[in-house]
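1. Structure, please.
(one chain, ligands or ions: 1)
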Amino acid sequence: MHPLRVGLTGLGNVGAGVARLLLEQSERIARRAGRPIVLTRVAVRDPSRSRDVAVDPAIITTDPLAVATAGDVDVVVELMGGLCPARRVVHAALEAGKEVVTANKALLCEHGPELFAAARDRGRCIAFEASVAGGIPIIAVLAQSMTANQITAIEAIINGTSNFILTQMFRTRASYDDTVREAQRLGYAEADPAMDVNGTDAAQKLTILTQLAYGTRVLPGQFPVRGIDTIELTDLIYAHEMGYAVKLLATARLAKGQLEMHVQPTLIRHGRPLAQVDGAHNMIALTGDAVGQTWYSGPGAGQMPTASAVVADIIDVAAGRAAVTFRRLDVWSERTPCPLQPVADMYRRYFLRFNVDDRPHVMADITDILGRNGISLASVIQHEAPEPEAENGKGTPIVPLVIMTHRTTEGQLRTAVSELNALDSVRTPSVCMPVAD
Ligand SMILES: NC(=O)c1ccc[n+]([C@@H]2O[C@H](COP(=O)([O-])OP(=O)(O)OC[C@H]3O[C@@H](n4cnc5c(N)ncnc54)[C@H](OP(=O)(O)O)[C@@H]3O)[C@@H](O)[C@H]2O)c1
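-> Numbering: from 1, shown residues only. Below you'll find the model as predicted:
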């Protein structure tokens, strides 16, 4: 059979891994694909940069649009990242009759419907396994393996950087800032880790998973997104004492015909598989109405795990599977959207920490406010403070008070917390994290 000719735009971290697999495992890949797969064109920004893969310099250009439209390219593999020029490259490739493979979650999150419509119009496909959770084949699971089910819940640890930082902070009892620096030194965090630690990356991935599972497109600005960038070590330790690990959890759940969605640092009970995901690993727990709960875990990023997913997509294109899956997918289409659950109606347990004056009646004031807002307490921790940790200037020590509530609505909780923060005896900011039961 005639070979599938690959045009690669981007030869960075993931692109170099893809090129290495295509060049070094060509026999195995050809066997699996049923035909040879050859790398014919590559676009980079800086051709003088040294690469850890031996690509023929004659096929390298600085013009990704030339790769997207080249006559000797059948599939364009977009691995540049970002929105521009990636969006133009994908459109140009589809217009020129090429299939597309991409790992670009930001592009799909922002422009997915438009790109998928363009692909459908031209009878082409877009494969995007590597866009969520790197080496874990979660897109194939949702698009192919779980199609007999209505997905009722997605709970996902899908930002390896955040999970590494939370794990390492707790293990080493180090501050957030020190741990971020260590993560950068070890290559687990970018020089600018903002998108990872502020929840944006996880929210973009949740948007893609939700679109696949529920046919509903909900953008990160439309649901609560909080990252780990304000986490304090003390809360990880208190959560542990209460029997929980803190994880950056991305959740999409069907609740009474509405979609509950959020990305937040969340307490997960020790013993649940999600609580045991440490370091840079990812895990996605999917619940289907027929199968029940299933778990998928592994490396959610990194050169070769991500390249593994990209090359699997290229093999699927070569074998014709990607086109069939894409055609049959009811994704990115205008189905009746599932309404979003209002934030105030979210019904969960909460972990609260206040720094309070250690003096009479403070506890009574706090429980009174919680009680008046219909919130009951599941447990309370206030450690004996033999010596004051800090002084409020009036000689009264300040102590942490940690409360686990029973289930309540976010609306009730927010009202109560703002009343509590207004108390003289409560030093703000108070900490509030949901619990995933
Ligand atoms: N890294 C991961 O673990 C991971 C995991 C899952 C998904 N992804 C996704 O995979 C994609 C690639 O990520 P990466 O980590 O490989 O990025 P990267 O290391 O920054 O590589 C980007 C590549 O694109 C090239 N490039 C950028 N702009 C270009 C332009 N205008 N013209 C030509 N070439 C251009 C760069 O050229 P130079 O080399 O000359 O600078 C570089 O080779 C992103 O969408 C990312 O979100 C990454």
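
2. Please count neighbours and contacts with C-alpha atoms only from this point.
-> OK.

3. roughly how far apart are residue 403 and residue 436?
-> Applying C-alpha to C-alpha, to the nearest Å, the value for residue 403 to residue 436 is 16 Å.

4. same question, residue 44
-> Taken as C-alpha to C-alpha, the span from residue 44 to residue 436 is 43 Å.

5. any weak-confidence spans in this protein?
-> Within the chain, the stretches with pLDDT under 70 are 330-336, 386-395, 428.

6. Which of residue 403 and residue 436 has more residues huddled nearby?
-> residue 403 (22 against 17; other C-alpha atoms under 10 Å).

7. how close does the more buried one sit to residue 397?
-> Using C-alpha to C-alpha, residue 403 is found at 19 Å from residue 397.

8. Domain map for this protein?
-> Domain segmentation of the chain under automatic domain parsing yields 4-134+304-328, 138-297, 343-436.

9. Give me the distance between the two termini of the last one.
-> It refers to domain 343-436. One end of domain 343-436 to the other measures 16 Å (C-alpha to C-alpha).

10. Setting aside sequence neighbours, what's the nearest residue to residue 359?
-> Leaving out its chain neighbours, the residue that sits closest to residue 359 by C-alpha to C-alpha, 6 or more residues apart in numbering is residue 396, at 7.1 Å.

11. same check, this time on residue 315
-> In space, residue 315 is closest to residue 33, 5.0 Å off (C-alpha to C-alpha, 6+ apart).

12. Pull the number of nearby residues for the one you found.
-> With other C-alpha under 10 Å as criterion, residue 33 counts 21.

13. now do the one 3 residues further on
-> As a burial measure, residue 36 scores 20 neighbours (other C-alpha under 10 Å).

14. what residues are up against residue 5?
-> The neighbours of residue 5, taking C-alpha atoms under 8 Å, 6 or more residues apart in numbering as the test, are 37-40, 72-75.

15. Any residues of the stretch 51-200 of the chain in contact with the ligand? List them.
-> 62-64, 79-81, 85, 103-105, 130-131, 134 (C-alpha under 6 Å from any ligand atom).

16. Including neighbour count, distance to residue 273 and secondary structure, could the residues you listed go into JSON lines?
-> What follows is these, written out as JSON lines (neighbours: other C-alpha atoms under 10 Å; distance: C-alpha to C-alpha, whole Å; DSSP: H, G, I helix; E, B strand; the rest coil):
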{"residue": "62", "neighbour count": "15", "distance to residue 273": "45", "secondary structure": "coil"}
{"residue": "63", "neighbour count": "14", "distance to residue 273": "45", "secondary structure": "coil"}
{"residue": "64", "neighbour count": "29", "distance to residue 273": "42", "secondary structure": "helix"}
{"residue": "79", "neighbour count": "24", "distance to residue 273": "32", "secondary structure": "coil"}
{"residue": "80", "neighbour count": "25", "distance to residue 273": "34", "secondary structure": "coil"}
{"residue": "81", "neighbour count": "18", "distance to residue 273": "31", "secondary structure": "coil"}
{"residue": "85", "neighbour count": "12", "distance to residue 273": "40", "secondary structure": "coil"}
{"residue": "103", "neighbour count": "25", "distance to residue 273": "27", "secondary structure": "coil"}
{"residue": "104", "neighbour count": "22", "distance to residue 273": "28", "secondary structure": "coil"}
{"residue": "105", "neighbour count": "26", "distance to residue 273": "25", "secondary structure": "helix"}
{"residue": "130", "neighbour count": "29", "distance to residue 273": "23", "secondary structure": "helix"}
{"residue": "131", "neighbour count": "27", "distance to residue 273": "23", "secondary structure": "helix"}
{"residue": "134", "neighbour count": "27", "distance to residue 273": "19", "secondary structure": "coil"}
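
17. and of those, the nearest to residue 8?
-> Nearest to residue 8 among those is residue 79, at 7.2 Å by C-alpha to C-alpha.

18. That closest one against residue 13, yeah?
-> No. Counting by C-alpha atoms under 8 Å, residue 79 sits too far from residue 13 to count as a contact (9.0 Å).

19. which stretches of the stretch 101-250 of the chain form helices?
-> With DSSP state H, counting those that start in this stretch as the criterion, the stretch 101-250 of the chain has helices at 105-121, 138-140, 160-172, 176-186, 194-197, 200-214, 233-242.

20. Identify, out of these, the most deeply packed stretch.
-> Mean neighbour counts were compared across the helices of the stretch 101-250 of the chain using mean count of other C-alpha atoms under 10 Å; the top stretch is helix 200-214, at a mean of 25.

21. tilt between it and helix 105-121?
-> Calculated by axes from the mean of the first three to the mean of the last three C-alpha atoms, to 10 degrees, helix 200-214 forms an angle of 30 degrees with helix 105-121.

22. elements contacting helix 200-214?
-> helix 105-121, strand 244-255, strand 258-269 (3 or more C-alpha pairs under 8 Å, 6 or more residues apart in numbering; DSSP states H and E).
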